[in-house]
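Visitor: would you be able to build a 3D model of this:
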Amino acid sequence: MLYLGLSCLLLHVCVVFGAEITFELPDNEKQCFYEEVGENVKFDFDFQVISGGNYDVDCFVTDPQNNLLYNEKKKQYDSFSHTTAMKGAYKVCFSNEFSTFTHKVIYLDFRHGEEEPLLQGMTRSTAMTQIESSCVAIHEILKVVIDSQTWYRLRESHDRTKAEHLLERVTYWSMGETMLLFVIGIGQVMLLKSFFAEKKGSVMATT
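Guide: Alright, predicted model coming up:
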């Protein structure tokens, strides 16, 4: 019964709605996402440009009446929180229209709704048992672990993209140096041959 009760508490899921996506945004284009949110509901979103150009993007958020709630230009990453004043579809848009050559890869995490108590009796004034306290502590630690894993995953993807870009530049530079060495070597050989050809002509002229 002890293990069964503990398992039931750990399987109790807190209701927080949201979406976590990674998408590509081509150059000279804009992409929007819509989320239905109720009235007096808090929503949060985080975004980060993982790869592309200078790792920046334009972002803005509007309410169902198209009122501007958030507007930032050429941001690499940012967070935003807002409590809604009306029910409806809220729009989050990302624009890469200022870029003419590079497309971007962007990570977006959108959450809304209040987290319900892990246990039904947590809002009461009664003290929790040791098992309930342990479940709550584990739940909080797991949330921290999830956030840390997300951050490290984004960091790894960002650093890997930079490393691949650096490798590409080093490869092209090495190829250019190799071609330049061949050209210089061929030029030196032809220059030396020209010296011998002039010397041979001058000897024939004196005879």
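
Visitor: could you check how far T178 is from A89?
Guide: 57 Å (CB to CB, to the nearest Å). Backbone N, C-alpha and C define where each C-beta goes, glycine included.

Visitor: then L69?
Guide: In terms of CB to CB, L69 sits 13 Å off from A89.

Visitor: then W173?
Guide: 49 Å.

Visitor: how about the helices of this protein, start to end?
Guide: 2-10, 130-206 (DSSP state H).

Visitor: so what pLDDT did V170 get?
Guide: Looking at V170, its pLDDT is 91.

Visitor: number of nearby residues for it?
Guide: 10 (other CB atoms under 10 Å).

Visitor: numbering from 787 from now on, please.
Guide: That works, and once the first residue is 787, the last one we named lands at V956.

Visitor: mind listing what the most centrally placed residue in the chain touches?
Guide: With distances taken as CA atoms, centre = their mean, I836 lies nearest the centre of the chain, 3.3 Å away. Counting by CB atoms under 8 Å, 6 or more residues apart in numbering, I836 makes contact with 808, 890-893, 940, 943-944, 947.

Visitor: OK, contacts around I807?
Guide: I807 neighbours (CB under 8 Å, 6+ apart): 819, 893-894.

Visitor: ok, what's across the strand from it?
Guide: Under DSSP bridges, the beta-bridge partners of I807 are L894.

Visitor: same drill for L855 and A875, tell me which one is more crowded.
Guide: Using other CB under 10 Å as the criterion, L855 and A875 rank with L855 on top: 16 against 11.

Visitor: coming back round to it: of the contacts of I807, closest to I927?
Guide: Ranked by distance to I927 (CB to CB), these are led by Y893 at 23.6 Å.

Visitor: isn't that closest one right up against F833?
Guide: Yes. Using CB atoms under 8 Å, Y893 is in contact with F833, at 6.4 Å.

Visitor: how many residues are close by F829?
Guide: Going by other CB under 10 Å, the residues that sit close to F829 add up to 22.

Visitor: how many residues are close by the nearest residue to it once chain neighbours are set aside?
Guide: Nearest non-adjacent residue to F829, counting by CB to CB, 6 or more residues apart in numbering: H898, 3.5 Å away. Residues lying near H898 (other CB under 10 Å) number 21.

Visitor: tell me the confidence at H898?
Guide: The predicted local confidence for H898 is 84.

Visitor: now swap in the one 5 residues further on and tell me
Guide: Per-residue pLDDT puts P903 at 61.

Visitor: ok, now the one 5 residues further on?
Guide: As summarised for this prediction, M908 has a pLDDT of 56.

Visitor: do the same with G962
Guide: On the pLDDT scale, G962 gets 91.

Visitor: determine the number of other residues adjacent to it.
Guide: 10.

Visitor: do you know how far it is from E954?
Guide: Taking CB to CB, one finds G962 at 13 Å from E954.

Visitor: same question for L811.
Guide: For L811 relative to E954 (CB to CB), the value is 21 Å.

Visitor: so between those two, which is more surrounded?
Guide: L811 (20 against 10).

Visitor: touching, that one and N882? I think so.
Guide: Yes. Using CB under 8 Å, L811 is in contact with N882, at 4.7 Å.
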